[in-house]
Each structure stands twice: as C-alpha cells, then as structure tokens.
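In: 3D model of this:
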Amino acid sequence: MIKYLSIAGLFLMASCHSTSKTTSSVTSSTTTADPAVYAATITESELKEHLYTYASDEFEGRETGEPGQKMAVDYLRQHYLDLEIPAAQDNGDYFQKVPLEMAKLPKGALQINGTDYTLGEDFITFTPLEGNFNEVVYAGYGIDDPEYSDYTGLDVEGKVVLVKAGEPANEDGTFILTGTDRNSSWGNMSEGPNMRLVAAKAKGVKAILFVDSENFNRYGRYYKRMKSNDRGRLGFEADANNPALILINEAMATAIFTKFNDLKGPLTQETNLVATLESSNEPISTENVVAYIKGAEKPDEYLVISSHLDHIGVSKDGSINNGADDDGSGSVAMLEIAEAFQTAVEAGHRPKRSVVFLHVTGEEKGLLGSRYYTDYNPVFPLEQTVANLNIDMIGRIDPKREGDRNYVYLIGSDKLSSDLHKLSEEINDKYTNITLDYTYNDENDPNRFYYRSDHYNFAKNNIPIIFYFNGTHDDYHRPGDTPDKINYDLLTNRTKLVFHTAWAVANRSERVVVDKDSK
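Out: The predicted structure follows:
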C-alpha cells in the first residue's frame, strides 16, 4: 500500500478491447455450480509456496522498474501460462507496458515582481516550469463542474492561474456541489489537486499556483525527504504535457493579489512572474500483468480483480523490504483465485461475465499502474467494467485492533453501490464468516486508506469497488515484512471471501447497480 497518495503523481484514450479472443469453447452457465467446490482449491500450502518465492530475497523487494520487479512479473505471467488463462491484450502479451519516467526534483526559483521565492520553503512543486509571464488569473477554487465553474467567461489559454483549496458553500453552510454538509471530491485534500489539474489542462492552462495550506505542509515534508535522499519521482511520460502544479504559501499569493483573502470573483492581475524551474527525466521500464477468463453469457461485461505487484525495494543499508504482506499477500491471493475460476471453467462452469486479473505496477509510487489502466489505456472499456475487487495486505493482524483475529477491513463497498455492499455481506455470511470491520470506511478516517490503494482509480470512474485490507503493523514498509510472519489461515479464508464475492458478481443475472453519487 502506498504511504500517501503522492502529489508527485499529480504533476506529470481509453481504448476499447476486442472480445473475440478465446482459448476454449464457451460452455455451460455456472448458475447450478457450487462455488465452494472451487474455493476448496485455495489452500494454505499453495499460498505459502507462492509467497515464499514471491517475497523472497531473490526478488529484491520488487522495486518498480528494477530487476526484482521483472522477476515478479515473470513469475505472475508463468502462473497464467501454466493455468492456460490467456492474456487480456489482443496481441497475446500478458505485459501491459506502463510508460513511466524518473525525474529528479526541479532546481531553480520563482520570481514575482522582482522578489525571489525559494523552492522547498515558499513553494513546493515536482514539475518544471520555465518562462516569463506578464499576468496571473485568479480563478477562485479552480473548479470546473456541471453544477459550478470558476472558469466561466475566463480566457486562460497558455496562462498562469492562481486557485485556492476548498469549494463554494451556500449561505446555510451546505456545499453547492453536493447540496449537503458533506463536501464533494473537489474539496478533498487527496482528490482535489488532481481534479484541478485535469480541469486546468482542459482549459489550456500553463501552470497552476495552488494555495492549500494542508497539502503545502504535507508535501513539504515529502519534498524534503526526496531532496535529502536525492531521489527522483516516477510519473507518466505523457504528464509532461500537463500544466505545472505549484503549491504556494499565502505570502506569494498576496504578492500577486494584495487582497487575496478578500477576492470574491475572477480577476486578472498584471504580474512579472519569471519561472526558472528545470528538471531532467529518464524513461523507466515497467508493466502491469493482465490475464482474463472470458465470460460465457455476458463476455462484454468485466469484473476486475486487482492487487499491486510492486514493493519498495532495497534500503540504503542493503536491507531487503520483502513486502510479504504489502502486497505479496494480495498478489498470491489473486493467483489462487485465478486457479479456482479456471478449475471451474475446466469443469464446464465458465463465469457469465468476463473476469480480469490485473496485477498493477507502481502502486507504491502513486497508484501509477492502476491509473494508467483506468486513465490512459484500459484493456477493457470502463463503462463495461461492473466492479473492482482490490486486495492490498490481507495476511497479517492489525495490532491496534481489538476482537476476533478472524476479521478483515472492508473499505468502499458502500461508497457507490448499496447493491454490492449487501451482496458482500450475504456472501460472507454464507461462506466464510469473517468479521467484516468497517472502521476505515469512515468518511473521516484520518488514514485516508480509501484513497491509498488501486481501487481508488476505479472508484473515481464511478465503478463500484471493495478494498480488502488487514491494517498496518510494525513491519509495514520495513524489512520485517517477511513470509514467515504471515497468518496463512487468515490469508486463506480472506482469499476465499474475495473469490466467493467475485463468483457472485460475475454470475448474477444483473450487473451491480450504481445507486450512489461519487462526488
């Protein structure tokens, strides 16, 4: 799991897939099959065997783009080849190339009306910007939504805009975009910056000066860590065409608009802004692994099961961060789930809908592999994707949790679909009897786990999701996250829960109903 939804990932066309491919004839429906028969193929011994290899020292912590990550994707691909589950892509390649690049922190400064401002102190950015600009446009909250837009009537093509965090409210204190006292995604500190970036790009904006004190402090710490370690950041090659996103403090904002805090509407201010922020990039080779089982009756509807294949690699002292729980546990769970589905296919019980097995890269770098799949190049159309079941850390016990050890945290099951949430609980009651803990499903969860794993990129596209999670522990993102500390009985039962839920979603008569607002 990513520690934070990295803003670095924010600074950087869905292609429809042919469904004609199949490796075997589509046979009978699964409506009369007993899924417990196939769930029984998910065993402690096989999960353990997989994980002791996948999270071994030989795989060197599976750092994105490094040799250990290449060993991991080869291991995953070989499993699907052995099971005779085909690749999802038409070209027969299990590897979906994710075009990333590594960029060092930019170097340089910003000058406003002759005054120099320091990167890392007065402003934070992870993207380059060079040029002289003679005006800055104040665009309120930087929101562009069917219900409300700060860009109405503004010409911002090729210009620098200044926007602030938050969102507009009515006189009674409710938010305009939701009509309730709950803010929309625009007002969310994790989602808001990227949504503003997307809106600005559509308007042709060159750069965004963003006044957001919470994110300024949050990513100021991240910036300092990157600088002290001389680390680069991963992002998409295509993101070089995005506007620069620059977090600034209020002092810089008032240097441009002297009465910044009193502004009520759009305003263009003559300003001498000189940007000399340079950065150097280099390409990084990495890939998602995508296999699928074609559906018998509804092959053009897709259930995506996902986990991330990467981890954080080798520490400076040479210690290997094996990532057995994060997310070796999810990766091997998917292998066993795929085997269970394929065993059913071989017995003549192909799922009604297609089931996609998506192992994503770069999760630890900002949910990059899943964002590439959803935002840049979905192998299968998102509008035909009925749900995403995402597995990230299901092999350990949260030491802070009280109660029965046979639990799992569920996050997001009710965010978009009460239908999926109800189905999930019914399946658990019928087959696995795990305590479903919704602690981290709370809208006010300070950990923000809902935004910190790969399901989020599906959810933001209005696709119902469930995120399966055991919580963090003392070995989280440390060398101590090793296979010997996994609770294999819990891993097995949790894996069976995901399988049974996937089976139900894939085989029900109607697709999961989206009945909640994603804003």
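
In: can you pull the domain assignment for this structure?
Out: 33-98+286-507, 102-282 (automatic domain parsing).

In: any idea of the mean pLDDT in the longest one?
Out: It stands for domain 33-98+286-507. When pLDDT is averaged along domain 33-98+286-507, the result is 97.

In: first-to-last residue distance for that domain?
Out: 10 Å (C-alpha to C-alpha, to the nearest Å).

In: sec struct for residue 447, please.
Out: Using DSSP: H, G, I helix; E, B strand; the rest coil, the structure places residue 447 in coil.

In: isn't it right up against residue 440?
Out: Yes. Judged on C-beta atoms under 8 Å, residue 447 makes contact with residue 440 at a distance of 6.3 Å. Heads up, the C-betas are built off the backbone N, CA and C, glycines and all.

In: between those two, which has more neighbouring residues?
Out: Per other C-beta atoms under 10 Å, whichever of residue 447 and residue 440 has more neighbours is residue 440, with 20 against 13.

In: so what's residue 469 bridging to?
Out: Counting by DSSP bridges, residue 469 forms beta bridges with residue 409.

In: specify the local secondary structure of residue 255.
Out: With three-state DSSP as the basis, residue 255 sits in helix.

In: quick one, strands of the stretch 401-519 of the chain?
Out: Per DSSP state E, counting those that start in this stretch, the stretch 401-519 of the chain carries strands over the ranges 407-411, 435-437, 465-469.

In: out of the ones you listed, which one sits most buried?
Out: Across the strands of the stretch 401-519 of the chain, averaging neighbours per residue (mean count of other C-beta atoms under 10 Å) puts strand 465-469 on top, at a mean of 28.

In: and that one, what other elements does it pack with?
Out: Using 3 or more C-beta pairs under 8 Å, 6 or more residues apart in numbering; DSSP states H and E as the contact test, the elements touching strand 465-469 are strand 385-391, strand 407-411, helix 455-459, helix 488-507.

In: now for the strands of the stretch 401-519 of the chain, which one comes closest to residue 83?
Out: With respect to residue 83, and counting by C-beta to C-beta, the nearest of the strands of the stretch 401-519 of the chain is strand 465-469 at 22.1 Å.

In: re earlier: which of the domains of the chain is buried the deepest?
Out: Most buried of the domains of the chain by mean neighbour count (mean count of other C-beta under 10 Å) is domain 33-98+286-507; its value is a mean of 21.

In: centre of the chain to that one, how far?
Out: Domain 33-98+286-507 sits 13 Å away from the centroid of its parent chain (C-alpha atoms, centre = their mean, to the nearest Å).

In: stretch 258-274 too?
Out: Distance of stretch 258-274 from the chain centroid (C-alpha atoms, centre = their mean) equals 35 Å.

In: what about it, start to end distance?
Out: First-to-last distance for stretch 258-274 - C-alpha to C-alpha - comes to 19 Å.

In: and stretch 317-337, by the same measure?
Out: End-to-end for stretch 317-337, by C-alpha to C-alpha: 36 Å.

In: offset the numbering so it begins at 6, please.
Out: With 6 as the first residue, the last one maps to stretch 322-342.

In: look at residue 215 and tell me its secondary structure.
Out: strand.

In: tell me the contacts of it?
Out: 147, 167-170, 198, 201, 250-253 (C-beta atoms under 8 Å, 6 or more residues apart in numbering).

In: let's go with 7 Å and repeat that
Out: 168, 198, 201, 250-253 (C-beta atoms under 7 Å, 6 or more residues apart in numbering).

In: among those, which ones are in helices?
Out: Secondary structure from DSSP state H places 198, 201 of the contacts of residue 215 in helices.

In: pick the one among the contacts of residue 215 closest to residue 426.
Out: Closest to residue 426, out of all of the contacts of residue 215 and judged by C-beta to C-beta, is residue 198, at 28.8 Å.

In: I figured that closest one was touching residue 250, is that so?
Out: Yes. In this structure, residue 198 is within contact of residue 250 by C-beta atoms under 7 Å, at 6.4 Å.

In: follow-up on the earlier one: looking at the helices and strands packed on strand 470-474, which is closest to residue 84?
Out: helix 493-512 (14.6 Å).

In: touching that closest one from outside, list them.
Out: Applying C-beta under 7 Å, 6+ apart, the external contacts of helix 493-512 come out as 35-36, 40, 44, 47-49, 52-53, 308, 310, 334, 338, 341-342, 345, 356-358, 360, 391-392, 394, 396, 399-400, 410-411, 413, 428-429, 432-433, 436-437, 439, 471, 473, 517.

In: among the residues you listed, which are in helices?
Out: 40, 44, 49, 52-53, 338, 341-342, 345, 428-429, 432.

In: among those residues, which two are most distant?
Out: The distance between the two most remote of the ones in helices among the contacts of helix 493-512 (C-beta to C-beta) is 29.8 Å, for 53 and 428.

In: thinking again about what came up before, closest one of the ones in helices among the contacts of helix 493-512 to residue 218?
Out: residue 429 (37.9 Å).

In: which residues touch the closest one?
Out: With the criterion set at C-beta under 7 Å, 6+ apart, residue 429 makes contact with 415, 418, 471, 506.

In: kindly report the same for residue 6.
Out: Contacts of residue 6 by C-beta under 7 Å, 6+ apart are 331-332, 397-398, 457-458.

In: circling back to that earlier point, of all the strands of the stretch 406-524 of the chain, which one is nearest residue 104?
Out: strand 470-474 (25.3 Å).

In: got the angle between that closest one and helix 493-512?
Out: Here strand 470-474 runs at an angle of 170 degrees relative to helix 493-512 (axes from the mean of the first three to the mean of the last three C-alpha atoms, to 10 degrees).

In: list every C-alpha atom in strand 470-474, with coordinates, as PDB.
Out: The C-alpha trace of strand 470-474 is given here as PDB (Å, rounded to 0.1, in the frame of the first residue of the first chain):
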ATOM      1  CA  ILE A 470     -15.300  -1.300  -5.500                       C
ATOM      2  CA  ILE A 471     -14.400  -3.300  -2.500                       C
ATOM      3  CA  PHE A 472     -11.000  -2.900  -0.900                       C
ATOM      4  CA  TYR A 473      -9.800  -5.800   1.300                       C
ATOM      5  CA  PHE A 474      -7.200  -4.900   3.900                       C
END
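
In: give me the most central residue, this structure.
Out: The centroid of the chain falls nearest to residue 459 when counting by C-alpha atoms, centre = their mean (3.2 Å).
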